[in-house]
Structure formats: C-alpha cells, structure tokens
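Enquirer: My questions are about this predicted structure, shown below with the sequence.
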Amino acid sequence: MEPLTYRLLAKAKREIDEAVEHYENRLLGLGEAFADEVAHTLERICRHPTTGSHISQSVRVCATHRFPYGIVFQVRADHALVVAVHHLHRDLEYWKDRVKDI
C-alpha cells in the first residue's frame with residue numbers, strides 16, 4: 001500500500017505556525033526543531049494511518065515525540081486530513097467544530 005498524503009486545515013496550519021514562533025522566541029532553532037518533529041509525525045501518520053488513538057469514531061490523535069503536541073487527523077479515502085495541532089495540556093475537544101464524523 002502506498003502512503004497517504006495529508007492536507008492541513010487552515011486552522012491547523014496556523015497552530016503549527018504559532019507554535020513554531022513560540023518555540024523560536026524561547027530559543028533560537030527550537031521552532032525549527034518543532035516544525036521538523038511535526039513533519040516526522042505527519043510522515044508517520046501517512047505511512048501508518050491507524051497510528052495514534054481514537055478520540056472519536058473517525059478521528060485520531062498522534063503525539064509528537066519531543067514536544068507535548070498531538071496531531072489530530074481524520075483518514076479520508078486518499079489522504080489524512082489534519083484538523084488540529086494541539087498542545088496536549090490543553091482541552092482536546094476544541095477542534096470538534098472543524099470536522100464531522102464520517
């Protein structure tokens with residue numbers, strides 16, 4: 001089976017950008033490290049779409065390794081739809097208005 005591709009909702013992309021900026025402001029290079037970790041996690045999701053834990057009927061979350069963030073995604077027919085990139089110490093359900101269970 002060929003790996004899936006992924007699509008980011010605009011809000012998820014904004015969450016990545018905000019986290020990169022936050023980490024970069026804390027320490028030069030840390031924002032880039034966060035972006036790399038998100039990219040590796042997205043690759044893992046595309047190769048193994050059943051990775052992570054179910055958080056609803058059709059939505060999963062896959063945690064990054066180095067940072068306390070999770071990639072919230074939904075597997076579609078030909079891609080993984082990333083609906084949120086959230087800090088694991090915050091409310092996990094804030095993204096629910098972004099997607100409907102399929």
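Expert: Sure thing, it's come through. Numbering: from 1, shown residues only.

Enquirer: where do the strands sit along the chain?
Expert: Assigned by DSSP state E, the chain shows strands spanning 5-8, 53-54, 59-63, 69-75, 79-87.

Enquirer: Next one: residue 42 from residue 28, what distance?
Expert: Distance from residue 42 to residue 28, counting by C-beta to C-beta, to the nearest Å: 24 Å. (Glycine included, C-beta is placed from N, CA and C.)

Enquirer: The two - which one has more neighbours?
Expert: Regarding residue 42 and residue 28, a neighbour count based on other C-beta atoms under 10 Å identifies residue 42 as having more, with 22 against 9.

Enquirer: for residue 29, phi and psi?
Expert: Here the main-chain torsion angles of residue 29 (degrees, to the nearest 10) amount to phi 100, psi -20.

Enquirer: what number of residues lie near it?
Expert: 9.

Enquirer: where does it land on pLDDT?
Expert: The predicted structure scores residue 29 at 98 on the pLDDT scale.

Enquirer: and what of the one 3 residues further on?
Expert: Taken from the predicted model, the pLDDT recorded for residue 32 is 98.

Enquirer: Against residue 2, how distant is it?
Expert: Residue 32 sits 29 Å away from residue 2 when distances are taken as C-beta to C-beta.

Enquirer: who's more crowded, those two?
Expert: Shown here are residue 32 and residue 2; by other C-beta under 10 Å, residue 32 has more neighbours (12 against 7).

Enquirer: Report the contact partners of residue 17.
Expert: The contact partners of residue 17, taken as C-beta atoms under 8 Å, 6 or more residues apart in numbering, number zero.

Enquirer: So residue 86 sits against residue 96, correct?
Expert: No: here residue 86 does not reach residue 96: they are 11.6 Å apart, not a contact under C-beta atoms under 8 Å.

Enquirer: Dump stretch 17-29 to PDB, restricted to CA.
Expert: Taking only C-alpha atoms (Å, rounded to 0.1, in the frame of the first residue of the first chain), the coordinates of stretch 17-29 have been written out as PDB:
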ATOM      1  CA  ASP A  17       3.000  28.500  12.700                       C
ATOM      2  CA  GLU A  18       2.100  29.900  16.100                       C
ATOM      3  CA  ALA A  19       3.900  27.000  17.900                       C
ATOM      4  CA  VAL A  20       7.000  27.400  15.700                       C
ATOM      5  CA  GLU A  21       7.000  31.200  16.500                       C
ATOM      6  CA  HIS A  22       6.500  30.500  20.200                       C
ATOM      7  CA  TYR A  23       9.400  28.000  20.400                       C
ATOM      8  CA  GLU A  24      11.700  30.100  18.200                       C
ATOM      9  CA  ASN A  25      11.100  33.000  20.600                       C
ATOM     10  CA  ARG A  26      12.100  30.800  23.500                       C
ATOM     11  CA  LEU A  27      15.300  29.500  21.900                       C
ATOM     12  CA  LEU A  28      16.900  30.000  18.500                       C
ATOM     13  CA  GLY A  29      16.400  26.800  16.500                       C
END
